[in-house]
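Novice: Provided below are the primary sequence and the corresponding predicted coordinates.
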Amino acid sequence: MNILTKICVVVLVVLVLFASVTVIKVASVPQNWRYYYELEKEKAALHAQGIRLQKLLTSRQAAEIKDLRGRADQLAIDLANAKKARVPTPEELRTRELAAKLDAQNTRLTELQLNVKAMSERNVTLQGQLDKSRELIARLQDQNRRTTAELTQIRGKFEREQGLVRALQRQLQDRDERILELEKQVVGGVVAGKGAPTAAGKITGAITAVESELASINIGSAQGVTRGLKLYIYRDASFVGYLLVDDVDEGEAAGTIVEKQLDPMVGDKVTNDLLK
């Protein structure tokens, strides 16, 4: 519904209201009704004529609007055809080229963003695997350190036992040599007591002091220790070395530590016979 139609409707409503008021007045005033009837009839005729003029004006305006719309549509078609037929300027060509490049760069940027995202996810996965590998390596290194420590202890124990075995072998060798010497003395009538000094029985004592390569023990001549006697030094089941007695008193003695396998300590045991 256009504006002219709305105006016509409003005018008709006003006329209807006015006619209604007139009819009411005529009905309420019976005298001179003929006069008022004719008067109202003329007014109605005038209003009807106004309405016809208004309708004619509305029709003309509608026709003009339709014509204007047709012209506008035609102008739009002509403008579109003109745009199609118009040769683009260098600036427009450059703009189109830049727009195409921008679209290509945006597409490439999107691909790169997707690649970066995929690489980030892969990096997270690889980082997790690397952390697990590091934990495994740390556990293996810790296990390797424990194994190395145990191997070192075992090797040290083995070396100490080897030292003890060597000491026993030397003691056996010394005993064999002593037996040969005694046999020679018996056969040749040699007086007992010549040669290396020996003890009558097993001698056992302990180191009371250690300084550099020297050590003192808590046994002396009263226990059968003599100068030049070679005593074994041991700690638990480990062979430490030899003590070659240089100085002897009645209750103590001192000497030089030779062929040591471990560092002597106060409290280490000494003996002349490891087999007894």
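Specialist: Nice, I can see it.
Novice: what's the domain layout of the chain?
Specialist: 3-85, 196-271 (automatic domain parsing).
Novice: Off-centre distance for the longest one?
Specialist: The gap between the average C-alpha position of domain 3-85 and the chain average comes to 84 Å, counting by CA atoms, centre = their mean, to the nearest Å.
Novice: where in the stretch 1-150 of the chain is pLDDT low?
Specialist: Within the stretch 1-150 of the chain, the ranges that satisfy pLDDT under 70 run 1-2, 4, 21-33, 86-87.
Novice: For the stretch 51-200 of the chain, which segments count as helices?
Specialist: Secondary structure of the stretch 51-200 of the chain (DSSP state H, counting those that start in this stretch): helices located at 90-188.
Novice: give the contact list for Tyr232.
Specialist: Residues counted as contacts of Tyr232 (CB atoms under 8 Å, 6 or more residues apart in numbering) are Ala167, Gln171, Phe239, Tyr242, Leu243, Val270, Thr271, Asn272, Asp273, Leu274. C-betas here are computed from N, CA, C, even on glycine.
Novice: Quick one: residues contacting the first one.
Specialist: Under the criterion of CB under 8 Å, 6+ apart, the neighbours of Ala167 are Tyr232, Tyr234, Phe239, Tyr242, Leu274.
Novice: The same query, at a cut-off of 10 Å, please.
Specialist: Tyr232, Ile233, Tyr234, Phe239, Val240, Gly241, Tyr242, Glu259, Gln261, Leu274 (CB atoms under 10 Å, 6 or more residues apart in numbering).
Novice: Return the set of residues that bridge with the second one.
Specialist: For Ile233, the residues forming beta bridges with it (DSSP bridges) are Gly241, Val270.
Novice: any idea how far Ala215 is from it?
Specialist: 8 Å (CB to CB, to the nearest Å).
Novice: Looking at the two, which one has more neighbours?
Specialist: Ile233 (27 against 24; other CB atoms under 10 Å).
Novice: separation between the more buried one and Leu130?
Specialist: From Ile233 to Leu130 the distance is 54 Å (CB to CB).
Novice: How about Gln261?
Specialist: Gln261 sits at a distance of 47 Å from Leu130 (criterion: CB to CB).
Novice: Mind checking which of these two has more residues around it?
Specialist: Gln261 (18 against 11).
Novice: How many neighbouring residues does the residue lying closest to that one once chain neighbours are set aside have?
Specialist: Spatially, and ignoring its direct neighbours in sequence, Gln261 is nearest to Gly163 (4.0 Å; CB to CB, 6 or more residues apart in numbering). The tally of other residues near Gly163 (other CB under 10 Å) stands at 19.
Novice: doesn't Thr256 fall inside a helix?
Specialist: No. Remark: Thr256 does not belong to a helix; assigned using DSSP: H, G, I helix; E, B strand; the rest coil, it is strand.
Novice: before we move on, the earlier item: pull out the buried members of the contacts of Ala167.
Specialist: Among the contacts of Ala167, the ones that count as buried by 16 or more other CB atoms under 10 Å are Tyr232, Ile233, Tyr234, Phe239, Val240, Gly241, Tyr242, Gln261, Leu274.
Novice: nearest to Thr89, of these?
Specialist: Of all the buried ones among the contacts of Ala167, Gln261 has the smallest distance to Thr89: 102.8 Å, by CB to CB.
Novice: and the closest one, backbone torsions?
Specialist: Gln261 adopts backbone torsions of phi -100, psi -30, taken as degrees, to the nearest 10.
Novice: ok, it to Arg227 distance?
Specialist: Going from Gln261 to Arg227 by CB to CB gives 24 Å.
Novice: what's the answer for Thr147, then?
Specialist: For Thr147, the distance to Arg227 - CB to CB - is 49 Å.
Novice: same question, Ala82
Specialist: Taking CB to CB as the measure, Ala82 falls 135 Å from Arg227.
Novice: and Leu15, how many residues sit next to it?
Specialist: Leu15 has 16 neighbouring residues, counting by other CB under 10 Å.
Novice: same question, Gly220
Specialist: Residues within reach of Gly220, counting by other CB under 10 Å, total 19.
Novice: More neighbours: Ala82 and Arg227, which one.
Specialist: Arg227 (13 against 9).
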